[in-house]
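Chemist: I would like to see how this sequence folds:
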Amino acid sequence: MFRRCVPLLLAALLCAVPALAIFKYVDDKGHTVFVDREDKIPARYRSQAKPASVARDVQVSRPVEKTPVAPAVRETPIRLYHNLVLLPVELEQGGRRQSLTFLLDTGSSSSVLYERYVQLMTFPHEGAAYGRVVGGGMVVGRKVTIDRLQVGPYEVQNVSASLLADDAGDSPFAGILGNDVLSRLHYAVDFKALVIRWQP
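Modeler: This is a model prediction of the structure:
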């Protein structure tokens, strides 16, 4: 008896479940809108609403997995001078710009600029600057503030530096980028490829 009733119960349950109805209409902006009940269609669109064919009109979209995009690696070519890293830097002072070569020196606590490379630029005098060079000697210059340095993708403003006379006159670089600037930058030096890679 029970076995005979099961098909009848299943048939009754299936009949009681309403079929899925999807309706579509086009709004004032030309967008096709799908709804699952007729009463969800705004009154002004009901005359043009039609039942949608689930197979033809409604497409189930799966989320598309995005391939992670690696951040753009910015590189700057470097030169080596007695195993020291030289890199191009753009300096701006008083509206004048100049491309110069600087020595990257993590052992220097502050940045240095040599006078003969920036003779056309004006730096307000901010007092005397004293520094100790390798070998223990003292150098005297003056404290200045550089308006802007562009180092790779980084722009560093209001850089305190020592403006020094290059007595030997044979320095292949116009200044030294010390830790006061370098500590603000994220980079890695590739000595094999002779580039400096800037990291975000």
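Chemist: Check which residues of stretch 157-176 are buried.
Modeler: Val159, Ala161, Ser162, Leu163, Leu164, Asp166, Ser171, Phe173, Ala174, Gly175, Ile176 (16 or more other CB atoms under 10 Å). No exception for glycine: its C-beta is placed from N, CA and C like everyone else's.
Chemist: could I get those residues as TSV with secondary structure and pLDDT?
Modeler: Putting the buried residues of stretch 157-176 into TSV (DSSP: H, G, I helix; E, B strand; the rest coil; pLDDT from 0 to 100) gives the following:
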residue	secondary structure	pLDDT
Val159	strand	90
Ala161	strand	89
Ser162	strand	87
Leu163	strand	87
Leu164	strand	84
Asp166	coil	67
Ser171	coil	77
Phe173	coil	91
Ala174	coil	90
Gly175	strand	90
Ile176	strand	90
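Chemist: and the longest strand for the protein?
Modeler: Ranked by residue count and defined by DSSP state E, the top strand of the chain is strand 138-151.
Chemist: Helices of the protein, start to end?
Modeler: Assigned by DSSP state H, the chain shows helices spanning 2-16, 179-182.
Chemist: ok, so of the buried residues of stretch 157-176, who is nearest Gln98?
Modeler: Closest approach to Gln98 among the buried residues of stretch 157-176 (CB to CB): Ala174, at 8.4 Å.
Chemist: quick one, strands of the chain?
Modeler: Ranges of strands in the chain, per DSSP E, are 23-26, 32-35, 50-51, 74-77, 79-81, 84-93, 96-104, 111-114, 128-132, 138-151, 154-164, 175-177, 187-190, 195-198.
Chemist: Mind checking the pLDDT average for the fourth one?
Modeler: Per-region confidence: strand 74-77 scores 91 on mean pLDDT.
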